[in-house]
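Chemist: build me a model:
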Amino acid sequence: MTPIAKNIIVVDEQGNEYEATYPKRARGLVKHGRARFIEENKICLACPPNMNLEDYSMSNDNTPALTMETLLEKIDRIVVENDYLRDGLKAIGGMEEGAEEIAPHLASIVQARETTNQQIVALYTKMYEDLRP
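Modeler: Take a look at the predicted model:
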């Protein structure tokens with residue numbers, strides 16, 4: 001099976017040449033009114049592609065701007081929200097005899113959460129430094 005070649009030349013009204021395309025894709029562009037054939041193996045785009053290829057679709061206008069204040073608030077929340085520590089220690093302290101094998105697992109969960117918090121604080125610190133004038 002031979003691969004289909006991109007052998008249809010693509011140009012715009014100003015004569016700018018773009019990457020070649022597949023014949024099936026070219027026919028689809030013509031069929032939907034986005035291009036027209038100007039030669040057997042050349043199409044002219046009705047509207048040239050937006051050359052700004054930066055994708056801003058991930059941005060959300062409702063997202064608040066990242067500021068030093070919001071980063072400091074997030075760090076404060078990490079410092080204040082330590083219920084997982086209290087709950088883990090309470091669970092270890094309230095264990096009945098014979099359940100000691102669970103204690104190391106609870107301790108590792110608490111330790112993992114603390115490591116995560118440290119990494120988040122390090123990230124926020126870097127972001128804070130980047131925002132600082």
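
Chemist: pLDDT score for Ile92?
Modeler: Per-residue confidence (pLDDT) for Ile92: 69.

Chemist: pull the residues that contact the helix or strand bottoming out on mean pLDDT in the chain.
Modeler: Across the helices and strands of the chain, mean pLDDT, DSSP states H and E gives its lowest value to helix 83-93, namely a mean of 73. Applying CB atoms under 8 Å, 6 or more residues apart in numbering, the external contacts of helix 83-93 come out as Ala103, Leu106, Ala107, Ile109, Val110, Arg113, Glu114. Quick note: C-beta positions are derived from backbone N, CA and C, even for glycine.

Chemist: how close does the residue lying closest to Thr21 once chain neighbours are set aside sit to Gly33?
Modeler: Excluding its sequence neighbours, the residue lying closest to Thr21 (CB to CB, 6 or more residues apart in numbering) is Ile8, at 5.1 Å. Between Ile8 and Gly33 the distance is 17 Å, computed by CB to CB, to the nearest Å.

Chemist: average pLDDT for stretch 31-41, rounded please.
Modeler: Per-residue scores along stretch 31-41 average to 92.

Chemist: and the contacts of it?
Modeler: Contacts of stretch 31-41 (CB under 8 Å, 6+ apart): 7-11, 26, 29-30, 43-47.

Chemist: would you point out the most distant pair within those residues?
Modeler: Asn7 and Cys47 (22.8 Å; CB to CB).

Chemist: circling back: any idea which helix or strand comes after the least confident helix or strand of the chain?
Modeler: helix 103-131 (DSSP states H and E).

Chemist: and the angle for that following helix with helix 83-93?
Modeler: Relative orientation of helix 103-131 versus helix 83-93 (axes from the mean of the first three to the mean of the last three CA atoms, to 10 degrees): 170 degrees.
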